[in-house]
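> This is a predicted model, with the sequence first.
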Amino acid sequence: MATATFRFHGELAEFLARERRGVAFDQACARAATVKHAIESLGVPHTEAGRLTVNGQPATLARIVRDGDAIEVFPHEPGGAAMEIAPDFVADAHLGGLARMLRMLGFDTLYDNAFADREILDLAARERRVILTRDRELLKCREVMRGCFVHARKPEAQLKEVVARYRLERRMRPFTLCLHCNLRLEAVERSIAKERVPERIALRYAEFMRCRGCERIYWQGSHWERMREMLGASLAIRISAL
């Protein structure tokens, strides 16, 4: 066994027992345990660890814990988990509202409230998706390469959290995905759309989009304006930026 001193900073303290929050504490670790194994044994998913230091020096999750080590773990800085291209997501059963809002912004987000954990893990691995969840145990699975524990409980705050973590502001393509099927929308002729929408809508609007999956028709009506306002308020950005 090796006994090391740990300290978790910022929002990572939420994963710990109350008496361990905001303070350094000693913890016995299994022989040859890595930092990854050690922090997960304390309740912190490895996906939530940003910067690490051991004895004041930068370290990685693969570092072996040695007796007497002083280990400090920091959360991801805003944008610290940004990827080279806009990430695709898979959301668990508790994040339906967040999934819908990410789709509104144009981010490919798989969601089904019937998804089992195994399905989520398989989808994430096969399609290189980021797992969004409030289940810390799901993120501790060793095959998880990219994941995000969503701290907020309301969809609007959850959206702000995910957008900041992955620096999504400049990659938004609002209202380009079907909110139901998650497929890319395509322009459709007014003559075709009028067969699927109320007559008053066909007469009032000239531009329509269609989902090739469910065949739903979209247009920039009052519902579209309400979504713009809601997204703008959630992200504290000008609505015109959308």
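That came through fine.
> Look through the protein and tell me its longest helix.
helix 222-235 (DSSP state H).
> what's the spacing between it and its chain's center?
Centroid displacement of helix 222-235 relative to its chain, using CA atoms, centre = their mean, to the nearest Å, is 20 Å.
> For that helix, buried residues please.
Judged by neighbour count using 16 or more other CB atoms under 10 Å, the buried positions of helix 222-235 are 227, 228, 230, 231, 232, 234, 235. Backbone N, C-alpha and C define where each C-beta goes, glycine included.
> tell me the contacts of the residue lying closest to residue 173 once chain neighbours are set aside?
Closest residue in space to residue 173, ignoring its immediate chain neighbours: residue 106 at 3.3 Å, by CB to CB, 6 or more residues apart in numbering. Contact partners of residue 106, counting by CB atoms under 8 Å, 6 or more residues apart in numbering, are 171, 172, 173, 174, 175, 176, 177.
> need the contact list for the fifth one.
Meaning residue 175. So residue 175 contacts 104, 106, 185, 209, 218, 220, 224, 227 (CB under 8 Å, 6+ apart).
> ok so it is a strand residue?
No. According to DSSP: H, G, I helix; E, B strand; the rest coil, residue 175 belongs to no strand; its state is coil.
> what comes up buried for the strand ranked longest in the chain?
Secondary structure assigned by DSSP state E gives strand 2-8 as the longest strand of the chain. Using 16+ other CB under 10 Å as the test for burial, strand 2-8 gives 2, 4, 6, 7, 8.
> Closest one of these to residue 152?
Comparing the buried residues of strand 2-8 against residue 152 with CB to CB picks out residue 8 as the nearest, at 19.1 Å.
> would you list every one of the helices in the chain?
35-41, 96-104, 117-127, 136-139, 155-165, 190-193, 199-204, 222-235.
> Kindly reformat the ones you listed as TSV containing distance to residue 48 and mean pLDDT.
Shown next, in TSV, are those (distance: least, CB to CB, whole Å; pLDDT from 0 to 100):
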stretch	distance to residue 48	mean pLDDT
helix 35-41	9	97
helix 96-104	17	96
helix 117-127	16	97
helix 136-139	7	96
helix 155-165	10	94
helix 190-193	45	91
helix 199-204	46	91
helix 222-235	22	82
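> Columns distance to residue 81 on top of those, output as CSV?
Rendered in CSV, the data for the helices of the chain read as follows (distance: least, CB to CB, whole Å):
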stretch, distance to residue 81
helix 35-41, 16
helix 96-104, 15
helix 117-127, 15
helix 136-139, 13
helix 155-165, 5
helix 190-193, 39
helix 199-204, 41
helix 222-235, 17
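> of all these, which lies closest to residue 88?
Among the helices of the chain, if distance is taken as CB to CB, the winner is helix 117-127, at 6.5 Å.
> Show me what the closest one packs onto, helices and strands only.
Helix 117-127 sits against strand 89-91, strand 130-133, helix 136-139, with contacts defined as 3 or more CB pairs under 8 Å, 6 or more residues apart in numbering; DSSP states H and E.
> residue ranges with poor pLDDT in the chain?
237-242 (pLDDT under 70).
> now do 80
By pLDDT under 80, the low-scoring segments of the chain are 234, 236-242.
> Specify the stretch among the helices and strands packed on helix 117-127 that is closest to residue 162.
Of the helices and strands packed on helix 117-127, nearest to residue 162 by CB to CB is strand 130-133, at 6.7 Å.
> could you dump the closest one to PDB, C-alpha only?
Extracted in PDB, the C-alpha atoms of strand 130-133 (Å, rounded to 0.1, in the frame of the first residue of the first chain):
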ATOM      1  CA  VAL A 130     -18.700  12.300 -26.000                       C
ATOM      2  CA  ILE A 131     -20.900  10.800 -23.300                       C
ATOM      3  CA  LEU A 132     -23.000  13.400 -21.400                       C
ATOM      4  CA  THR A 133     -24.400  12.100 -18.100                       C
END
